[in-house]
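Undergrad: output the structure for:
(2 chains)
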Amino acid sequence: DAGITQSPRHKVTETGTPVTLRCHQTENHRYMYWYRQDPGHGLRLIHYSYGVKDTDKGEVSDGYSVSRSKTEDFLLTLESATSSQTSVYFCAISPSGQANEKLFFGSGTQLSVL
Amino acid sequence: GNSVTQMEGPVTLSEEAFLTINCTYTATGYPSLFWYVQYPGEGLQLLLKATKADDKGSNKGFEATYRKETTSFHLEKGSVQVSDSAVYFCALSDPNSGNTPLVFGKGTRLSVIA
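TA: Predicted coordinates:
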């Protein structure tokens, strides 16, 4: 257990509503990531952060925004949810973001947009 | 850009059968290579890794050898168990890509039947 908590674990929402997913870590790691997992696509990076207020886009960032106002929390926001954003969302962390370093993953948030 | 291609599943094997899951990669530099495993209802966890050519990663009876000449990192296990049923992801991280985090393959679902 790498001290990662994702909330909520499950969420059902309607198209057009805003949704915020939270990732909380107790390890004080610098790097945090948001991935989405979809059948046939594997894991795709949405956004990542390399420090407080330092974030960057990943492969599938359209329709998502993130914020990191303190080391332990990394928030993913869907400003206006669409059905294509129905997915399982995983948060991951790493101490230094080095290429040979492993990622620690949370247990995921299952999001359904109706 | 960097990418990972792994064999499509699902793969269904009988207990004690030999397992191979193929993984090939494309990278601009000399990446680190990983296999992650996802058990039902959980996040991903590192299974093994290799950071340079000809390195062999191993864990829990699984092995994979970093083959630069064939740009491959195939996962093998001599005798699978029902408890190995999971989704397996090949991934790479390129140290020449700055903060760019892991790139994952699409995953291969393994089902082992008794």
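Undergrad: by mean pLDDT, point me to the weakest helix or strand of chain B.
TA: One helix or strand of chain B scores below all others by mean pLDDT, DSSP states H and E: strand B:103-104, with a mean of 90.
Undergrad: does B:K56 have beta-bridge partners, and which?
TA: Counting by DSSP bridges, B:K56 is bridged to B:T65.
Undergrad: and it, what does it touch?
TA: B:50, B:63-66 (Cβ atoms under 8 Å, 6 or more residues apart in numbering or on different chains). Every residue, glycine included, has its C-beta placed from N, CA and C.
Undergrad: next: B:T20.
TA: B:T20 is in contact with B:74-76, counting by Cβ under 8 Å, 6+ apart.
Undergrad: right, and the helix or strand after the top strand by length along chain A?
TA: In chain A, assigned by DSSP state E, the strand with the most residues is strand A:42-51. Downstream of strand A:42-51, the next assigned helix or strand under DSSP states H and E is strand A:54-57.
Undergrad: which residues of the chain score low on pLDDT?
TA: All of this is about chain A. In the predicted model, chain A carries pLDDT under 70 at residues A:1-2, A:99-100.
Undergrad: sorry, I should have been clearer: chain B.
TA: Scanning chain B for pLDDT under 70 picks out the ranges B:97-100.
Undergrad: looking at the contacts of B:K56, spot the one nearest B:A86.
TA: Of all these, B:A64 has the smallest distance to B:A86: 15.3 Å, by Cβ to Cβ.
Undergrad: what's around residue 27, how many residues?
TA: I'll assume chain A. 14 (other Cβ atoms under 10 Å in any protein chain shown).
Undergrad: my bad, the chain I had in mind was chain B
TA: A count of nearby residues for B:A27, using other Cβ under 10 Å, gives 20.
Undergrad: now do the contacts for it.
TA: B:2, B:71, B:92, B:94.
Undergrad: name the residues that touch the longest strand of chain A?
TA: Residues outside strand A:42-51 that contact it (Cβ under 8 Å, 6+ apart) are A:30-38, A:55-61, A:64-66, A:68, A:71, A:74, A:76, A:89-90, A:97, B:44, B:89, B:99, B:101-102, B:104-107.
Undergrad: which of those residues count as buried?
TA: Taking 16 or more other Cβ atoms under 10 Å in any protein chain shown as the criterion, what is buried in these is A:30-37, A:55, A:58, A:60-61, A:64, A:66, A:68, A:74, A:76, A:89-90, A:97, B:44, B:89, B:101-102, B:104-107.
Undergrad: so for chain A, the centremost residue is which one?
TA: Nearest to the geometric centre of chain A sits A:W34, at 2.7 Å (Cα atoms, centre = their mean).
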